[in-house]
Every structure is written in C-alpha cells, then in structure tokens.
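Undergrad: Sequence first, predicted model second:
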Amino acid sequence: MSDIRQILSVAPVVPVITIERLEHAVPLARALVAGGLRVLEITLRTPVALAAIETVRGAVPDAIVGAGTLLRAKDFSAATAAGAQFGVSPGLTAGLAEASRSVDFPLLPGVMTPSELMAAAEMGFDTLKLFPAEQAGGTRMLAAVSGPFRGVVFCPTGGVTPQNASTYLALANVVCVGGSWVAPPDLIKQQNWAAIEGLAAEAMSLRRRQPA
Ligand code: 3PG
C-alpha cells in the first residue's frame, strides 16, 4: 500500500505509540491488531523506536507500520532502513518534503493553519495530519477549512479522545483520527495487552463518514 489516503482508510483510529522497552513492541502491536487497528504509528521519540518498527514489521505481518515524529531529513532514511511503510510528521518543511521524495513510503505531514495547508498543497500533499487538533480548533476548524480546501482530507491528532473521536469522524474531510489513548503508557508498563486489545476494539467500532 503506497498511498497514504489508502493506508489511513484501513481503520478509523491510528494508534500513536511510544515504545520505551523493545520487548513491549510486538505484544502491543499484536493486541492492537487483534482489536482491529492495523495501522500503527510508532513515534521516533525513544532510543528503541527504530528497532521497534523493525521488530513489529517482522513479527506482525497484519500490521501496517509507520514511523512517527519525523522531524529531520535523516529520519526518513532511518525509517526506511527500519522498514516503515508510511511516515508521519508533526509539521512540514521544504527539507522534509524533499526527503520524503527520496524514500518509498508515503508521508502524512502535519499542518495547523490555512497557510500551512496551502504550502502543503504546493508541495503535493492533499492528505494531512491536523496537529495539534484540539488546540488548532478541532472539529470547528476542520469544518471551516472544508470550503476553501476541497479535496483535502485530514487525520486529526492531538487531544482526540474516545469522547470526541466520533465528532471528528463524522466530518466529510476526516479520513481517520490519531491518538495515544489506545496505547496508554500505564497499560503498556503493566503489559496489560488484553485491556489494550479492548481499547482497540472499542476504537474500531467508531463510525466514520468516508470522505468523498
Ligand atoms: C502526539 O504526537 O503525541 C499525538 O498527537 C498524540 O496526541 P494525544 O496523546 O493527545 O492522543
């Protein structure tokens, strides 16, 4: 799957995952996939993140594994070497756009303002992460930009919860939402994979309106 919109259409929620201990990566990914969430964003925020991507790729074939928190051009080559199938960045710069063209996985870049949307469109991106979604104006922001920015779809991330996720997913320009609530640090630390599978199953049952 090489198209980011297609990847994001697989499940209504993309877990935003931070792995502190490598041995947690595979059981966590298995629990999320068992609950129905196949598209996983493993953030490059810890020393074991790249190894986690590589391990999950090898051990959980049903998962579609992305590298999150891509901040620098060199993160793209590292993510490629680890086997990432897509990338996520909290923002977008010309350097990152250039780096994304040299790798074979698609990028979901972050935006927060109309000017950033326009810059992203100029760089060829029409599937975007609204980040941080709640602080950026949440569902009201997304409804407001649906007029001028037709054809652009979003994965809002940042402050999305089980309580507000359905409101986001009801919007025509929302393809899915991202969030860490399905992989909470305390449950990971407790290795409570059953509870995480339950959270994933609940997230999977959220309804979304498919973008036109
Ligand atoms: C992040 O980058 O940490 C994501 O936006 C997740 O945000 P959340 O913890 O509010 O879901």
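TA: Sure thing, it's come through. Numbering: from 1, shown residues only.
Undergrad: where exactly do the helices run in the protein?
TA: Taking DSSP state H as the criterion, the chain carries its helices at 4-8, 25-34, 49-59, 73-82, 94-101, 114-122, 138-145, 165-169, 185-189, 193-204.
Undergrad: Tell me which of these lies nearest to Ile42.
TA: Closest of the helices of the chain to Ile42 is helix 49-59, at 5.1 Å (criterion: C-beta to C-beta). Where C-beta positions appear, they are placed from N, C-alpha and C, glycine not excepted.
Undergrad: Output the contacting helices and strands for the closest one.
TA: Counting by 3 or more C-beta pairs under 8 Å, 6 or more residues apart in numbering; DSSP states H and E, the packing neighbours recorded for helix 49-59 are helix 25-34, strand 39-43, strand 64-68, helix 73-82.
Undergrad: Can you add mean pLDDT, distance to the ligand and mean neighbour count and give the helices of the chain back as a markdown table?
TA: Shown next, in a markdown table, are the helices of the chain (pLDDT from 0 to 100; distance: least, C-beta to the nearest ligand atom, whole Å; neighbours: other C-beta atoms under 10 Å):
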| stretch | mean pLDDT | distance to the ligand | mean neighbour count |
| --- | --- | --- | --- |
| helix 4-8 | 98 | 15 | 21 |
| helix 25-34 | 98 | 14 | 22 |
| helix 49-59 | 98 | 13 | 20 |
| helix 73-82 | 97 | 14 | 17 |
| helix 94-101 | 97 | 16 | 16 |
| helix 114-122 | 98 | 16 | 15 |
| helix 138-145 | 98 | 12 | 17 |
| helix 165-169 | 97 | 10 | 19 |
| helix 185-189 | 98 | 10 | 14 |
| helix 193-204 | 98 | 12 | 18 |
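Undergrad: can you list those helices in CSV and add distance to Thr43?
TA: Formatted as CSV, those follow (distance: least, C-beta to C-beta, whole Å):
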stretch, distance to Thr43
helix 4-8, 17
helix 25-34, 12
helix 49-59, 6
helix 73-82, 11
helix 94-101, 16
helix 114-122, 20
helix 138-145, 22
helix 165-169, 19
helix 185-189, 12
helix 193-204, 16
